[in-house]
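Peer 1: 3D, please:
(one chain, ligands or ions: 1)
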Amino acid sequence: MGRLTYPRYDDRCGWNALLPKREPRPAATGEHRVKYAIIGGGYTGLAAARRLHALDPDAEIVVLEATEIGEGSSGRNSGFASQHDLKLDLSGAQLVHADTLNACLREGFDALTDVMAEGGFNCDLQHTGRITAAATPLGIDKVEGMAARAKALGVPHRLLDRAAIRQATGMDYYQCGIAIDEGHLLQPAALIRGLADTLPKAIALYENSPVVRFEAGPPSLIATDHARFHADHVIFATNAAIKNFGYWRDRLVTIYTFAGLTEELDAHDASQLGDPAWGVLPSHRLGTTLRRAGHNRLLVRSLYAYEKPLDPSDVRTALTSCFHRRYPMLSHRHLEHVWSGTTALTMNGAPRWGKVADGVYGAAGCNGSGIVKGTLLGQRLANLIVTGAPQTDVETVYGQANWVAPEPFRTIGFHAISAVERRKAGLEM
Ligand SMILES: Cc1cc2nc3c(=O)[nH]c(=O)nc-3n(C[C@H](O)[C@H](O)[C@H](O)COP(=O)(O)OP(=O)(O)OC[C@H]3O[C@@H](n4cnc5c(N)ncnc54)[C@H](O)[C@@H]3O)c2cc1C
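Peer 2: I've put the predicted structure just below:
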C-alpha cells in the first residue's frame, strides 16, 4: 500500500447509508494506454468524462475513483444546488459580470438535469428556493446586503421576519432572513450514484482505485496499486487532493466540514419542521446549514477544521447542540448519522482551474458550491482540452484562486482568522 493520496474517511456518508446497497465497479488492474484519464469520480470528474466522450466519441476514457461512488465529498454534502450567486464576498468583477456568472451556473445546473432526465434516475431534486437566515446583528447586516444585491440584480426574493421563518421551518431561532425563489435541494449521494451509473459505456470507471503515483508526460503515467495507465491527457478532478501530487499547494486549503442526519421522526415530530421542504443557509460563513431531508429527517451541517478532521465524538456533540438549540422541542431526538467531508477552499473564493502542465489539467476550489460549479468546470476543462479554445466567460467571472502563504504561516493565519470569525459568528453557528 502506497502513501495516502486521497481523503480517507473513518465514517460512512449518511446520505449513502440511506440508499439501497450498490455494487461498486471493479478496481483497476493491468497496463493500459488511453487518450484521457480522469482522476476523481466526483461531479467535476464525471462531468469532464461525459463531455470528453461527447466531443471525442472514439477515444478511450478512464475515470479512477479512490473510494466508492457516493463516499467522496460529492455524496457527503448538503445538497444545495443553485443557479444564482448572491454571496457577499463576490468580487467587483463578478458583480459586473453577474449575467455571465448566472449563465455559467445555469449551464452547470442544466447539464445535471439533462443527465437526470436522460438517465431516468431519482435524486429527490426539489425546487425549494433557499433561505439565508440571521440570528445576530452581524447576520442581519448580511441579509440586508443580500437583499440589496438581489434587488439590484433583479433576483426574485422575499424578506422574512422571525414569525415567517418559524412558520417555514419550525425554528424560533432566527431574527430575520431572505428567501430567494431560485434554488434546489437534492440527495447528493443519489445524484452522484446516478451520474456514475448512467455514464456512457465507452467510459471506463474504476472504483476503489486510488492513484498513488503520477509522472507528468505526455504521455503521463498514472499508477494505482494494481494498474498503470499511460494517458495523453490527464485531468485532476480530485479537488484539494491534487496537492498530494505536488500541484497547487500555494492556492488550495483543505477544509473539513461536518454533517449529521437525524433519526427518522414520527409524524408528530416531523410536523414541528414547518413546510414539507426547505433549506436554510447561514448568514456567516462559519454558520450552520439546515434542511429537511426527505419527509421526516433533518440535516445539520456545521463546524470547520483545517487539513484534518475533528474528534468524532466532539463533532457529534457540537452538531447535536446546533440541532437542539434550534429545535428544543425535539431535544429527545438524536442524530443517526454523523460524518465529515473535505472541500477545497481558496482565499478569494475563485476556483483554481485549467492547465497544470503539458497534457495535465485540473479543477478545484469550489468553496462549498461544487455540485453546480464542479459540473460546469469539469465540462469546460473537457472543452479546453479537445478544442483548445479558451473558456473566456469562465475565466472572466471566476478569475483564478490567489496565492496562499506557505507553512507555517498558513496554519497560524488560518487559526487566527477562524478564532476571530468564530467570535463574530456567535449564534449563527
Ligand atoms: C459537509 C459538506 C457540505 C457541502 N454542502 C454543499 C452544498 O450544499 N452544495 C454544494 O454545491 N457543495 C457543497 N459542498 C461542497 C461539494 O461537496 C464540493 O464542492 C464538491 O464535492 C466538489 O466536487 P469535485 O468533484 O470537484 O470534488 P469531490 O467531490 O471531492 O470529488 C473528488 C473525488 O476524487 C477522489 N480522489 C481524491 N484523490 C484521489 C486519488 N489520489 N485517486 C483517485 N481518486 C481520488 C475522491 O475520492 C473524490 O471522490 C459541501 C461539502 C461538504 C464536505
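
Peer 1: distance across stretch 167-184, terminal residue to terminal residue?
Peer 2: From its first residue to its last, stretch 167-184 covers 20 Å (CA to CA, to the nearest Å).

Peer 1: to clarify, my last question referred to stretch 295-312.
Peer 2: Terminal-residue distance, stretch 295-312 (CA to CA): 27 Å.

Peer 1: buried stuff in stretch 164-174?
Peer 2: The neighbour-count check on stretch 164-174 (16 or more other CB atoms under 10 Å) flags 164, 165, 168, 169, 170, 171, 173, 174 as buried. Quick note: C-beta positions are derived from backbone N, CA and C, even for glycine.

Peer 1: tell me which helix or strand comes right after the host helix or strand of the second one.
Peer 2: So the one you mean is residue 165. Per DSSP states H and E, residue 165 falls inside helix 162-169. If you walk from helix 162-169 toward the C-terminus, the next helix or strand you reach (DSSP H and E) is strand 176-180.

Peer 1: okay, the angle between that next one and helix 162-169?
Peer 2: 50 degrees (axes from the mean of the first three to the mean of the last three CA atoms, to 10 degrees).

Peer 1: which one of the residues in the stretch 251-400 of the chain is closest to the ligand?
Peer 2: residue 370 (2.0 Å; CB to the nearest ligand atom).

Peer 1: and that residue, what does it touch?
Peer 2: 42, 43, 44, 73, 74, 77, 239, 343 (CB atoms under 8 Å, 6 or more residues apart in numbering).

Peer 1: got phi/psi on the spatially most central residue of the chain?
Peer 2: By CA atoms, centre = their mean, the chain has its centre lying nearest to residue 370, at 3.8 Å. Backbone torsions for residue 370, taken as degrees, to the nearest 10, come to phi -80, psi -10.

Peer 1: okay, it: pLDDT?
Peer 2: Looking at residue 370, its pLDDT reads 94.

Peer 1: from now on call the first residue 255
Peer 2: All set: I'll call the first residue 255, so the last point we hit is now residue 624.

Peer 1: separation between it and residue 662?
Peer 2: 29 Å (CB to CB, to the nearest Å).

Peer 1: give me the number of residues near the residue of the stretch 305-454 of the chain found nearest the ligand?
Peer 2: The nearest approach of the stretch 305-454 of the chain to the ligand comes at residue 326, 2.3 Å away (CB to the nearest ligand atom). The tally of other residues near residue 326 (other CB atoms under 10 Å) stands at 29.

Peer 1: isn't it right up against residue 317?
Peer 2: No. Here residue 326 does not reach residue 317: they are 12.0 Å apart, not a contact under CB atoms under 8 Å.

Peer 1: now the common contact residues for those two.
Peer 2: By CB under 8 Å, 6+ apart, the residues touching both residue 326 and residue 317 are 294, 295.

Peer 1: bridged to the closest residue to residue 401 other than its chain neighbours, which residues?
Peer 2: Spatially, and ignoring its direct neighbours in sequence, residue 401 is nearest to residue 432 (5.3 Å; CB to CB, 6 or more residues apart in numbering). Counting by DSSP bridges, residue 432 is bridged to residue 386, residue 413.
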